[in-house]
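Visitor: sequence-free structure coming up:
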């Protein structure tokens, strides 16, 4: 059943959807039914720009283990970038 | 019972009606060809959206002799692929219960205005749509039957209530105005078998006409043939129970 576990975070970036690159303004993070991944629930990441309509979306569906690994990897990469003085 | 020399035809198309707040709602509408008048079913789609499965099932109800109307409950969020629109709604935490109930009432009024529809109208839904089907059957008068397929969050704790879902549907049970069929999976986590029992207790307490089936070996969404939770045996039996139930309470042409 729909868990309704969802949070939105405002972010700035760029995403490549079916219509090409667009400005990403938010990420919707949910743990709910995926559309494609073959399991009942998944960690769903939607990078969106709501001002551009529903089609401005880059979607990723991950199992929980993969999602945790991704979070750790992002943090590790950012830490290295920060240590190297690369963060803008 | 259908015979191989019978004529059979169906019209399936998009249509519009007025839902909650008088908003224009687009819908998928399938009905048997003929003057009728036919009994009708309103299909309330699930959280994955107004998708291909719901279109197929809308035609399935028409095949079984019902004028079947499936409103796009997410139409206010804009248009795009059903998946993109549903993802937008998922990110926003769903749509408000009051809005869905208003849309169901509008769909009922629309069907009532059609010369080829009789006054027997049922409401069907799966997943969040099952919850909304039950909720609509409690809060809107005029339905003759309701089918809730694995609708979770009917039983809700205080902590689970939100501005969009401010009241647990269970609390409306006393107002249920028609017979209810519920199909659930014994391995589902929402609703859990314990929550199904709790719902059943409330229906009994208020003397409601209902029929619940809890399928062993099935979890959530066991009708969805394109998902890993599909359970062939339970799904076939579930569909036969749905059409037997609707035939009893709405009447229908032979299948």
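Guide: Noted; the coordinates are in hand. Treat the numbers as computed from the prediction; the structure is a model and nothing was measured.
Visitor: Look up which helix or strand whatever residue of the stretch 151-255 of chain B ends up closest to chain A falls in, please.
Guide: Residue nearest to chain A within the stretch 151-255 of chain B: residue B:152 (2.9 Å; CB to the nearest CB). C-beta here means a position set from N, CA and C on the backbone, and glycine is covered the same way. Here residue B:152 sits in a region with no helix or strand, counting by DSSP states H and E.
Visitor: show me the contacts for it.
Guide: For residue B:152, the contact set (CB atoms under 8 Å, 6 or more residues apart in numbering or on different chains) comprises A:1, A:2, B:127, B:128, B:131, B:188, B:190, B:191, B:195, B:220.
Visitor: hang on, residue A:14 in a helix?
Guide: No. Secondary structure of residue A:14 (DSSP: H, G, I helix; E, B strand; the rest coil): strand, not part of a helix.
Visitor: who's in contact with it?
Guide: A:21, A:22, A:23, A:24.
Visitor: Chain B against chain A: which residues are in contact?
Guide: Residues of chain B found near chain A (CB under 8 Å from any CB of the partner chain) are B:46-48, B:77-81, B:83-88, B:90-94, B:127-128, B:150-153, B:162, B:165, B:188-191, B:219-221, B:227-229.
Visitor: List only those of those residues flagged as buried.
Guide: Buried members of the residues of chain B next to chain A, counted by 16 or more other CB atoms under 10 Å in any protein chain shown: B:46-48, B:77, B:80, B:83-88, B:90-91, B:93-94, B:127-128, B:150-153, B:165, B:188, B:190-191, B:219-221, B:227, B:229.
Visitor: how about the strands of the stretch 151-255 of chain B, start to end?
Guide: Per DSSP state E, counting those that start in this stretch, the stretch 151-255 of chain B carries strands over the ranges B:180-185, B:210-215.
Visitor: Just send those strands back as a markdown table, with mean pLDDT and mean neighbour count too.
Guide: Below are these laid out as a markdown table (pLDDT from 0 to 100; neighbours: other CB atoms under 10 Å in any protein chain shown):
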| stretch | mean pLDDT | mean neighbour count |
| --- | --- | --- |
| strand B:180-185 | 98 | 26 |
| strand B:210-215 | 98 | 17 |
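Visitor: now those strands in JSON lines, with distance to residue B:203?
Guide: Conversion of those to JSON lines gives the following (distance: least, CB to CB, whole Å):
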{"stretch": "strand B:180-185", "distance to residue B:203": "7"}
{"stretch": "strand B:210-215", "distance to residue B:203": "5"}
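Visitor: Which one, of those strands, ends up nearest to residue B:52?
Guide: Proximity to residue B:52 (CB to CB) singles out strand B:180-185 among the strands of the stretch 151-255 of chain B, at 21.1 Å.
Visitor: Specify the angle between that closest one and strand B:210-215 in degrees.
Guide: Put simply, strand B:180-185 runs at 10 degrees to strand B:210-215, going by axes from the mean of the first three to the mean of the last three CA atoms, to 10 degrees.
Visitor: In its sheet, which strands sit next to strand B:180-185, and in what direction?
Guide: strand B:145-149 (parallel), strand B:210-215 (parallel) (DSSP bridges).
Visitor: Now residue B:110: closest residue in space that isn't a chain neighbour?
Guide: residue B:17 (3.6 Å; CB to CB, 6 or more residues apart in numbering or on different chains).
Visitor: Correct me if wrong: the one you found contacts residue B:108.
Guide: No. The criterion here is CB atoms under 8 Å, and residue B:17 misses it with residue B:108 at 9.6 Å.
Visitor: So what pairs up with the most centrally placed residue in chain A in the strands?
Guide: Closest to where the C-alpha atoms of chain A average out (CA atoms, centre = their mean) is residue A:45, at 3.4 Å. Beta-bridge partners of residue A:45, counted by DSSP bridges, are residue A:29, residue A:60.
Visitor: ok, now which ones touch it?
Guide: Taking CB under 8 Å, 6+ apart, one finds A:27, A:28, A:29, A:59, A:60, A:61, A:62 in contact with residue A:45.
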